[in-house]
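Visitor: with the sequence up front, the predicted model follows.
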Amino acid sequence: MENRILVLAPFGRDARVIREVLGARQVIAHICEDGDALIGEIYKDSAATILTEEALGDGILDALREMLAAQPPWSDYPFVVLAARQTVHRTDRARSALQELSNLVLLERPVNPDTLASAAESALRARQRQYLTRKHLAELEASKLSVEQLNNKLETRIAERTEDLASANDRLMREILERERVESARVQNQKMEALGRLTGGIAHDFNNLLHAVNLNLQLIERSTVNEDRIRHYARRAKEAVDRGSRLTGQLLSFARTQSLVPKLHDVNDLIRNMAELISISVGAHVKLSLALCTEPAYVIVDAAQMEMAILNLSVNSRDAMPQGGMLEIHTEIVSADADADAKAGADDPGYSLGSISVAVRDTGEGIADNLLGKVFDPFFTTKQHAGTGLGLSQVYGFTRQSGGSVEVQSEVGAGTTVKLRFPLSPAPKDAAEVSLGGQNAAIAWQAEILVVEDDPAVRRSMVECLQVLGFHVRQAADGAAGLSELKKAKPDLLLVDYLMPRMNGAELIAHARAMYSDLPILMATGYADMNAVERLIGPHSVLAKPFDLDTMGKAVLAELRRNVSPLP
């Protein structure tokens with residue numbers, strides 16, 4: 001269709017002659033009957049149009065003008081116009097009409113057939129070159145579109161890769177930060193562990209000194225000397241030893257090397273006994289106030305952990321009041337009827353007696369709302385480089401393990417209140433204590449005790465105290481010597497220290513159990529992780545140094561009663 005030439009010659013035989021001339025040159029010619037038919041065929045595609053001048057009327061010119069205005073940029077449709085011989089000049093109208101046909105070949109009739117055919121072929125070749133240009137433009141457009149698509153794909157892949165790299169970089173940065181945090185926490189833990197070992201070692205040696213002093217002071221008190229002044233001095237020295245004993249207990253709790261056994265305690269008594277330590281710890285610029293309930297409040301807790309928890313909270317309050325302020329420790333008994341937790345868990349006997357609330361309040365800087373939920377997280381601290389972030393997490397863990405709960409209330413600029421809450425336990429039943437004053441109970445047993453202790457001063461004091469209580473005593477300076485004594489004869493009870501050279505107390509106990517499976521054993525120690533020992537001999541068979549004469553006597557009698565029958 002695009003290689004044909006349209007012919008419009010409405011008068012005479014012109015149209016047929018033109019077709020015959022073009023046909024002789026193998027050019028396809030299509031004759032149009034009128035202008036409308038010509039316009040219709042042009043829109044159906046054609047290579048060129050041959051028309052006579054007289055066919056250019058107003059109607060066809062308007063249609064051709066519209067067609068030429070709408071043709072694409074690559075197209076310049078060719079026309080061959082057969083003009084009549086002019087004896088006069090053309091009118092302006094005729095000239096204007098011919099000028100509007102921009103790609104025009106004008107042939108004056110009569111036309112030589114070769115000239116007509118040559119003009120037709122020339123128009124056909126020009127049109128084919130336009131078609132080739134159209135093809136090239138289409139290919140360029142397709143190439144442009146393809147390049148744009150490739151560019152879009154490339155940009156998409158670059159964006160995706162950039163996003164992946166950014167995500168990987170974010171993950172890497174988070175991992176680096178987490179590694180730095182863990183490394184910092186590990187280094188801090190190593191420091192705390194080293195400090196704990198140092199503290200535990202110092203406390204152990206100090207405990208031995210206190211132990212020897214304590215037992216000797218008790219021996220002085222029990223002596224028959226009538227000098228009241230000497231007994232007064234001994235009593236005052238004993239009070240100092242008791243304070244030192246509480247201090248070493250707290251040091252050992254910090255070092256996490258003390259046997260921690262929950263027992264029945266009055267919370268108010270625990271707080272009163274440590275009031276002096278709290279006051280010293282918070283300093284003179286903080287005023288300490290105790291608002292303790294009047295009724296006894298018995299709970300089952302580990303006393304050392306309880307004291308450490310209150311001390312931690314007090315020190316935190318001190319740090320929140322750098323310019324000074326008020327620190328109040330308040331206790332309150334909440335009845336079971338008013339206890340929300342007791343009502344919520346009616347089947348749980350834990351809170352059936354109610355609970356005791358221990359509140360530590362300060363007038364310090366307070367804690368922001370967005371940090372309140374994090375204060376119990378391990379390693380979280382607001383003290384920058386001054387804190388480890390472990391104090392409150394230890395308080396939380398101890399309280400929860402003791403069957404209680406903990407909550408924090410704070411307002412920036414108005415202070416902080418940390419409230420510990422524990423279920424109440426029944427008060428201890430009144431029972432007559434075993435009296436050792438006359439030593440009749442001890443003498444009645446006439447039991448033989450083997451004391452194995454490496455510290456000479458401590459060993460001598462323990463031996464003398466047991467002799468004062470009426471027991472027969474053998475002694476050994478270390479584990480190997482104690483094993484030799486065991487081989488000589490079976491004692492009625494083995495009293496052994498834990499930390500000794502070459503063979504520690506646990507190893508000696510293992511040998512003793514192998515030799516005498518029913519031998520009563522007491523472990524006396526002021527330093528050790530006693531979990532393994534307690535699994536071996538039980539928590540009731542552990543004496544924590546420093547202990548006094550009465551405590552040692554009661555423990556010995558209790559262990560003998562549990563394992564052997566009294567002698568007649």
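Guide: Good, I have the coordinates. Residues are numbered from 1 along each chain as shown.

Visitor: for residue 506, see how far away residue 483 is.
Guide: Shown here: residue 483 relative to residue 506, a distance of 13 Å by C-beta to C-beta, to the nearest Å. For the C-beta atoms, the positions are set from N, CA and C on the backbone; glycine is no exception.

Visitor: swap in residue 171?
Guide: With C-beta to C-beta as the criterion, residue 171 and residue 506 are 48 Å apart.

Visitor: same check on residue 280?
Guide: On the measure of C-beta to C-beta, residue 280 and residue 506 end up 36 Å apart.

Visitor: ignoring the adjacent residues along the chain, who's closest to residue 453?
Guide: Of all residues not flanking residue 453 in the chain, residue 459 sits nearest, at 3.8 Å (C-beta to C-beta, 6 or more residues apart in numbering).

Visitor: that neighbour sits in which helix or strand?
Guide: Assigned by DSSP states H and E, residue 459 falls within helix 456-468.

Visitor: and for residue 326?
Guide: Assessed by DSSP H and E, residue 326 sits inside strand 325-334.

Visitor: so residue 450 bridges to which residues?
Guide: residue 474, residue 494 (DSSP bridges).

Visitor: out of residue 171 and residue 506, which sits in the more crowded spot?
Guide: Counted by other C-beta atoms under 10 Å, residue 171 and residue 506 do not tie: residue 506 has more neighbours, with 18 against 10.

Visitor: and that one, that's in a helix?
Guide: Yes. According to DSSP: H, G, I helix; E, B strand; the rest coil, residue 506 belongs to a helix.

Visitor: what score does it have for pLDDT?
Guide: pLDDT for residue 506: 84.

Visitor: just residue 452 next, same as before
Guide: Listed pLDDT for residue 452 reads 93.

Visitor: quick one: it and residue 478 touch, right?
Guide: Yes. The criterion here is C-beta atoms under 8 Å, and residue 452 meets it with residue 478 at 7.3 Å.

Visitor: look at those two and report which has more neighbours.
Guide: In terms of neighbours (other C-beta under 10 Å), residue 452 is the more surrounded of residue 452 and residue 478; the figures are 28 against 17.

Visitor: phi first, then psi, for the more buried one.
Guide: The phi and psi values for residue 452, taken as degrees, to the nearest 10, are phi -120, psi 110.

Visitor: quickly note the distance from it to residue 502.
Guide: Taking C-beta to C-beta, one finds residue 452 at 12 Å from residue 502.

Visitor: identify the contacts common to the two.
Guide: Residues within reach of residue 452 and of residue 502 at once, by C-beta atoms under 8 Å, 6 or more residues apart in numbering, are 478, 479.

Visitor: so which elements touch the longest helix seen in the chain?
Guide: In the chain, with assignment by DSSP state H, the single longest helix is helix 113-222. Contacts defined by 3 or more C-beta pairs under 8 Å, 6 or more residues apart in numbering; DSSP states H and E place helix 113-222 against strand 5-8, helix 14-24, strand 48-52, strand 78-83, strand 103-108, helix 228-255, helix 456-468, helix 549-563.

Visitor: weakest of those in terms of mean pLDDT?
Guide: Confidence, taken as mean pLDDT, is least for helix 228-255 of the helices and strands packed on helix 113-222 (a mean of 62).

Visitor: what mean pLDDT does stretch 274-285 get?
Guide: The average pLDDT within stretch 274-285 is 87.

Visitor: roughly how far out does it sit from the chain middle?
Guide: Centre-to-centre, stretch 274-285 and its host chain are 35 Å apart (C-alpha atoms, centre = their mean, to the nearest Å).

Visitor: one step back: list the residues that contact both of residue 452 and residue 478?
Guide: Contact criterion C-beta under 8 Å, 6+ apart; residues shared by residue 452 and residue 478: residue 500.

Visitor: buried residues, stretch 466-484. List them.
Guide: Applying a neighbour-count criterion of 16 or more other C-beta atoms under 10 Å, one finds 466, 468-471, 473-476, 478-479, 481-483 buried in stretch 466-484.

Visitor: can you check stretch 40-55 too?
Guide: 41, 42, 46, 47, 48, 49, 50, 51, 52, 53, 55.

Visitor: in JSON lines: those, plus distance to residue 113.
Guide: Putting the buried residues of stretch 40-55 into JSON lines (distance: C-beta to C-beta, whole Å) gives the following:
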{"residue": "41", "distance to residue 113": "23"}
{"residue": "42", "distance to residue 113": "25"}
{"residue": "46", "distance to residue 113": "21"}
{"residue": "47", "distance to residue 113": "19"}
{"residue": "48", "distance to residue 113": "17"}
{"residue": "49", "distance to residue 113": "19"}
{"residue": "50", "distance to residue 113": "13"}
{"residue": "51", "distance to residue 113": "17"}
{"residue": "52", "distance to residue 113": "16"}
{"residue": "53", "distance to residue 113": "19"}
{"residue": "55", "distance to residue 113": "20"}
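
Visitor: pull the most distant pair out of the residues you listed.
Guide: Spatial extent of the buried residues of stretch 40-55 (C-beta to C-beta) is set by the pair 47 and 53 at 20.8 Å.
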